[in-house]
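1. I need the structure of the sequence given here:
(chains A and B)
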Protein chains: 2
Amino acid sequence: DGETNGGPAILSPVSGFKTERVLRDSARDKTVFVHGKMDEQEAVIILEKTPIRQDTLEEMLKTSTVKLEMKNDIYSTYQLQAPPHLNEIKTTVICPATEKHVKKYLHQETFLIEESGDDYSAITLPYISSQSFSVQWVYNILEKKAEADRIVFEDPDPNVGFVLLPDFKWNQKQLDDLYLIAIVHRRGIKSLRDLTSDDLPLLRNIQKKGLEAVQKHYSIPPSKLRVYLHYQPSYYHLHVHITSLDYEAPGCGVERAHLLSDVIQNLQADSRYYRSRTITFPLRADDALLLKFREAGKL
Amino acid sequence: DGETNGGPAILSPVSGFKTERVLRDSARDKTVFVHGKMDEQEAVIILEKTPIRQDTLEEMLKTSTVKLEMKNDIYSTYQLQAPPHLNEIKTTVICPATEKHVKKYLHQETFLIEESGDDYSAITLPYISSQSFSVQWVYNILEKKAEADRIVFEDPDPNVGFVLLPDFKWNQKQLDDLYLIAIVHRRGIKSLRDLTSDDLPLLRNIQKKGLEAVQKHYSIPPSKLRVYLHYQPSYYHLHVHITSLDYEAPGCGVERAHLLSDVIQNLQADSRYYRSRTITFPLRADDALLLKFREAGKL
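-> Numbers count the residues shown, from 1 in each chain, chains lettered A, B, ... in the order given. A predicted model of the protein is given here:
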């Protein structure tokens, strides 16, 4: 995987990357998603500048050079050039990438769908089943065939247990953008829609032991954490998102996120809450599920 | 300002900066605001990583080194170290800075509160009542004593009517960040907590006529809009937020926003839903209500 250059770092395996097009570009997030070719294979590269680290701030200011851009009264602006090791860029490579990956990251307009319980049975469930989205990578994690060293906490119970590990999006260098995922051991719970009051022990276990583990490992109390599920999820094996409250994580908007504490309360009051309710969620214009809703005259 | 080092860039005038404290730190925006001293003077430094430039992307990938972080199946992540001139940090210096500058940039930590129905009666309601927050400016709008020319739509019905107008945060120059507020004519509904099924006609009226008005005035269909209430609201007279779905508006996170369509459904199923449920919301550390919860041993 890439050539070594004799130094502490390896020559980038992405150095031979040939850009085809920029799929998405967020000036606010300092992130770019690029589709291209790597060693003749389709690849998607995600580059994201890392948050500024407080622990190396003084060192960075001391060892950087600057160019003056503008000076006006008490205000001045500069372009600062920092030593590379103090200013890293988080790089994610998906290779070989399928058309699905490319589509996933391509910026697309989104639309809100209002999915009734009947819509779920008639439109969404048949669609999910027909696609047979692979969750092999999830099973790899649960079976310790991959990412075993990244696991922060595990409750191995097959019924209420889960694995807690950092989300890909988090580089783990600063707690500001803490992003963890709790993946349940139990298979077959596709999403929020499948949950009933029978699943309350599982959900409460994640809420209790998951948050205890975060407190223990990162010294962050529950009152500083946003704990939620996505609907639609990006993969159909039940998982819970845990992000730092101070971090406006992508996907934490009211149109897609459901607080775990609300889910628990709603199921306590009505076991069929998530079976029967109309649930609102955003879908991208190129999402095949959106086409299904459109074909059914629901958009 | 700063010493030159004979090269194309100057030695950073910020190199002698002595950090006192980090005022604010946004992991998402890759920005940090720092208060400190520069040449014996008070100073604020703002560092912001720059968006990734498409025009230097290939050069950057070619000339960077990487360290492998994780590999699982087709996914791998790296720490990429780019040449400094391709990875600059925008630096703003305010010097000498006043106490006002420092306060302006000071971030207040937020904490999640879990407010039960009883907590509301015992802590929140007495606090709201004791403060007698003025909503005179809201009454001025409803009575056309202010902002009358900004009104986009009005249903004057005293029971189910409302006024629709642009939020202050929206400059109305582009639809990307459309932000409207529907303020109900009826007085005395402080927030979500007060709503019962008796209020369904009012809520449905806003959902129907409010969205029709947006469609008519801005040609934006309901499927492109996020329609929600805040809890806690920033003022205690019932109002509904309408923002463009593509715009991640501040305050649209799951920890504070409640979709109007969910509120309607929940009240249909249980008239006392918002009276009895534990509702989660964030409060800033300097919020007087947070102190009340702390005094009551609830945080």
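2. Do stretch A:35-48 and chain B come into contact?
-> Yes. Stretch A:35-48 lies within reach of chain B by Cβ under 8 Å from any Cβ of the partner chain, at A:Ile45, A:Leu47. Heads up, the C-betas are built off the backbone N, CA and C, glycines and all.
3. Just the buried residues of that stretch, please?
-> A:His35, A:Gly36, A:Lys37, A:Met38, A:Glu42, A:Ala43, A:Val44, A:Ile45, A:Ile46, A:Leu47, A:Glu48 (16 or more other Cβ atoms under 10 Å in any protein chain shown).
4. mind listing the helices for the stretch 101-250 of chain A?
-> A:117-119, A:125-131, A:136-142, A:200-205, A:211-218 (DSSP state H, counting those that start in this stretch).
5. Let's have those helices in JSON lines, adding mean neighbour count.
-> Converted to JSON lines, those look like this (neighbours: other Cβ atoms under 10 Å in any protein chain shown):
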{"stretch": "helix A:117-119", "mean neighbour count": "14"}
{"stretch": "helix A:125-131", "mean neighbour count": "13"}
{"stretch": "helix A:136-142", "mean neighbour count": "17"}
{"stretch": "helix A:200-205", "mean neighbour count": "17"}
{"stretch": "helix A:211-218", "mean neighbour count": "16"}
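6. and chain B, which of those helices is closest to it?
-> For chain B, the closest of those is helix A:136-142, at 5.2 Å, according to Cβ to the nearest Cβ.
7. Just the C-alpha atoms of that closest one, please, in PDB.
-> What follows is helix A:136-142 as a C-alpha-only set of coordinates in PDB (Å, rounded to 0.1, in the frame of the first residue of the first chain):
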ATOM      1  CA  GLN A 136     -20.600  -7.200   6.000                       C
ATOM      2  CA  TRP A 137     -18.300  -4.400   7.300                       C
ATOM      3  CA  VAL A 138     -20.500  -4.100  10.300                       C
ATOM      4  CA  TYR A 139     -20.400  -7.900  10.900                       C
ATOM      5  CA  ASN A 140     -16.500  -7.600  10.600                       C
ATOM      6  CA  ILE A 141     -16.500  -5.200  13.400                       C
ATOM      7  CA  LEU A 142     -18.900  -7.200  15.600                       C
END
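8. shaky segments in the stretch 1-150 of chain A?
-> Within the stretch 1-150 of chain A, the ranges that satisfy pLDDT under 70 run A:1-12.
9. so how far is A:Ile242 from A:Glu212?
-> Using Cβ to Cβ, to the nearest Å, one gets 12 Å for the distance from A:Glu212 to A:Ile242.
10. try A:Tyr235
-> The gap separating A:Tyr235 from A:Ile242 is 17 Å, by Cβ to Cβ.
11. For those two, work out which one has more neighbours and name it.
-> Remark: of A:Tyr235 and A:Ile242, A:Ile242 carries more neighbours, 25 against 16, as counted by other Cβ atoms under 10 Å in any protein chain shown.
12. Now the more buried one: closest residue in space, sequence neighbours ignored.
-> Among residues not flanking A:Ile242 along the chain, A:Leu180 sits closest, at 4.3 Å (Cβ to Cβ, 6 or more residues apart in numbering or on different chains).
13. likewise A:Gln207?
-> Leaving aside its sequence neighbours, A:Gln207 sits nearest to A:Leu260 (Cβ to Cβ, 6+ apart; 5.6 Å).
14. what's the burial count for that neighbour?
-> Residues near A:Leu260, counting by other Cβ under 10 Å, number 23.
15. mind listing what it touches?
-> A:Leu203, A:Ile206, A:Gln207, A:Val227, A:Tyr228, A:Leu229, A:Val240 (Cβ atoms under 8 Å, 6 or more residues apart in numbering or on different chains).
16. at 6 Å what do you get?
-> Residues near A:Leu260 by Cβ atoms under 6 Å, 6 or more residues apart in numbering or on different chains: A:Gln207, A:Val227, A:Val240.
17. all strands of the stretch 51-200 of chain A, in order?
-> In the stretch 51-200 of chain A, the segments counted as strands under DSSP state E, counting those that start in this stretch are A:65-72, A:75-81, A:89-94, A:110-115, A:153-155, A:162-166, A:179-184.
18. closest to A:Glu147 out of those?
-> With Cβ to Cβ as the measure, strand A:162-166 is the member of the strands of the stretch 51-200 of chain A nearest A:Glu147 (6.4 Å).
19. So in that sheet, which strands flank that closest one, and in what orientation?
-> strand A:153-155 (antiparallel), strand A:179-184 (antiparallel) (DSSP bridges).
20. now the first one: mean pLDDT?
-> Averaged across strand A:153-155, pLDDT comes to 98.
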